[in-house]
Structure formats: C-alpha cells, structure tokens
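[1] Below is the structure, and that's it, no one-letter string:
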C-alpha cells in the first residue's frame with residue numbers, strides 16, 4: 001500500500017503500512033498520545049525528521065522528505081499546528097486486529113479536528129487528520 005499526505009476539502013493525511021497493523025496489541029494510550037502530539041508538532045514546524053521519528057520503517061519509506069515541507073505548509077494553512085494546540089484521547093476503534101487511537105485536537109482559536117493513528121509494535125503504522 002502507499003502513503004500520501006493530501007489536502008482535499010478539509011484535510012486527509014494517511015499512512016498505511018503493508019500487512020496487518022497493530023496485531024491485536026494491548027492498548028497503549030500514553031504512547032499513542034505522545035506520538036500524535038509529536039507528529040502534529042512536526043507538521044506545525046515542518047520537521048520531516050520529527051514527523052517520521054515514531055513511525056515504522058514502511059511508513060517512513062512512503063513519506064517523501066522533499067515534498068514534506070510543502071505538504072506541511074498546505075496543512076498549516078488550514079489547520080494551524082504551528083500555534084498552540086492540545087491533544088485529548090477520545091477512544092479506540094478496533095477493526096479485526098487493528099486498533100486505531102482517536103483524538104480530539106483543540107487549536108489555539110478553539111477549533112477542533114479529529115485525528116487517529118495506529119501502532120504496530122510501538123511504532124506508528126498509520127496517521128490521519130480527519
């Protein structure tokens with residue numbers, strides 16, 4: 001499968017690692033929250049290295065470091081992640097063996113965005129801004 005960051009309508013950023021993701025793992029809300037915060041901050045500061053740091057090798061391979069600054073700027077134009085924001089864990093969504101962690105992100109102006117990510121052996125295997 002492939003990874004892309006696309007800005008369409010509001011925003012979709014997705015990364016999907018091939019194969020089974022988050023193989024019936026126990027929940028790790030603190031790790032997922034930390035990784036989500038790090039990846040959102042990385043988008044806000046256009047830091048490719050920080051964005052892919054918590055990710056699986058497959059996820060990293062599908063994020064183009066040359067395109068990332070432009071994509072981060074497009075996202076920041078709609079969702080200002082360079083400004084202060086807070087991340088609140090809401091729930092998980094299980095589909096078969098995959099566990100997605102769903103968060104509410106509150107921006108500096110009070111606007112909110114839903115996000116999710118999945119973990120595979122403690123590494124981010126997918127990431128979405130909804």
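    That came through, no problem. Here the structure is a predicted model, which is why all the values come from computation and not from measurement. Residues are numbered from 1 along each chain as shown.

[2] ok, and the helix or strand in this protein with the lowest average confidence?
    Sorted by mean pLDDT, DSSP states H and E, the helices and strands of the chain end with strand 12-14, the least confident at a mean of 40.

[3] Now the element after that strand, going C-ward?
    The C-terminal neighbour of strand 12-14 among helices and strands, as given by DSSP states H and E, is helix 29-44.

[4] Which elements pack onto the next helix or strand after that next one?
    In the C-terminal direction, the helix or strand that comes right after helix 29-44 (DSSP H and E) is helix 48-52. For helix 48-52, the helices and strands in contact under the criterion 3 or more CB pairs under 8 Å, 6 or more residues apart in numbering; DSSP states H and E are helix 29-44, helix 68-78. In this view, the C-beta of every residue, glycine as well, is placed from N, C-alpha and C.

[5] I'd like to know which elements the longest one is packed against.
    Yep, that's helix 29-44 we're talking about. Here helix 29-44 touches helix 48-52, helix 68-78, strand 85-95, strand 98-107, strand 112-120, strand 123-129, going by 3+ CB pairs under 8 Å, 6+ apart.

[6] Please point out which parts of the second one sit buried.
    In this case it means helix 68-78. Within helix 68-78, the residues that qualify as buried are 68, 71-72, 75-76, counting by 16 or more other CB atoms under 10 Å.

[7] cool, and the first one?
    Applying a neighbour-count criterion of 16+ other CB under 10 Å, one finds 48, 51-52 buried in helix 48-52.

[8] do the fourth one as well
    Applying a neighbour-count criterion of 16+ other CB under 10 Å, the buried positions in strand 98-107 are 98-103, 105.

[9] Present the residues you listed as TSV; the columns should include pLDDT and distance to residue 121.
    As requested, the buried residues of strand 98-107 are arranged in TSV below (pLDDT from 0 to 100; distance: CB to CB, whole Å):
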residue	pLDDT	distance to residue 121
98	76	13
99	84	12
100	93	16
101	96	15
102	97	20
103	98	20
105	97	25
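
[10] Please tabulate these in JSON lines, including the columns distance to residue 84.
    As requested, the buried residues of strand 98-107 are exported to JSON lines (distance: CB to CB, whole Å):
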{"residue": "98", "distance to residue 84": "31"}
{"residue": "99", "distance to residue 84": "29"}
{"residue": "100", "distance to residue 84": "25"}
{"residue": "101", "distance to residue 84": "22"}
{"residue": "102", "distance to residue 84": "21"}
{"residue": "103", "distance to residue 84": "16"}
{"residue": "105", "distance to residue 84": "11"}
